[in-house]
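I would like the atomic coordinates for the input below:
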Amino acid sequence: MAAAKKVKYKSTIEIEEILKEIPLNDNDFMNLYHRLNNEQQKLLINKIQETSIIKHKDWKYEEEYRIINTTKNIQNFPGTITGVYFGMKMSSLDKRAVGMLLAPEGSTHCNLYQMYRP
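Purely as a prediction, here's the structure:
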């Protein structure tokens, strides 16, 4: 089961250093991946997964945690999710999908928040 991970807040330079080691598209990833041995492949996958819990240090006040599902399906969340914040550009369809995952029966104890720019 996936565990909630605390987001790591980094400077722009630190983020750029991490990202320059990650392939930019599927073709580059596949070409690199198939040239690596099993141990190197695992390290690459771990590095890519770690990028999902990195955020710019300007957001540190949020003290955010993320649940990253690396399996094909997740049925039970690890603990109680008390709130979900939707980004400004998130589609209505994606928001609806999240809502349905959190409360398939239509009621939830999880607060949903829409982010906006004042």
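
which SS class is the residue positioned nearest the centre of the chain?
Residue closest to the average C-alpha location in the chain (Cα atoms, centre = their mean): residue 52, at 4.2 Å. Reducing the assignment to helix, strand or coil with DSSP: H, G, I helix; E, B strand; the rest coil, the entry for residue 52 is helix.

residues contacting it?
For residue 52, the contacting residues are 66, 68, taking Cβ atoms under 8 Å, 6 or more residues apart in numbering as the criterion. Using the backbone N, CA and C atoms, a C-beta is placed for each residue, glycine as well.

going forward, the N-terminal residue is numbered 243.
Sounds good: first residue 243 from here, last item residue 294.

so residue 265 lies in a helix, does it not?
No - using three-state DSSP, the assignment for residue 265 is coil, not a helix.

quick one: neighbours of the nearest residue to it once chain neighbours are set aside, just the number.
For residue 265, the nearest residue in space outside its immediate sequence neighbours is residue 271; the separation is 4.0 Å by Cβ to Cβ, 6 or more residues apart in numbering. Using other Cβ atoms under 10 Å, residue 271 has 15 neighbouring residues.

for residue 271, give its distance to residue 353.
Distance of residue 271 to residue 353, given as Cβ to Cβ, to the nearest Å: 36 Å.

can you check residue 290 too?
The spacing between residue 290 and residue 353, counted by Cβ to Cβ, is 31 Å.

okay, these two: which has more neighbours?
Relative neighbour count places residue 290 above the other of residue 290 and residue 353, with 13 against 10, counting by other Cβ under 10 Å.

am I right that the more buried one is in a helix?
Yes - the assignment for residue 290 (three-state DSSP) places it in a helix.

list the residues that contact it.
Here residue 290 is in contact with residue 264 (Cβ under 8 Å, 6+ apart).

the residue nearest to residue 265: what secondary structure?
Assigned by three-state DSSP, the conformation of residue 271 is helix.

quick one, strands of the chain?
Applying DSSP state E to the chain gives strands spanning 246-248, 250-252, 296-298, 307-309, 325-328, 353-356.

mean pLDDT lowest where, among those strands?
Comparing mean pLDDT over these, the weakest stretch is strand 307-309, at a mean of 82.
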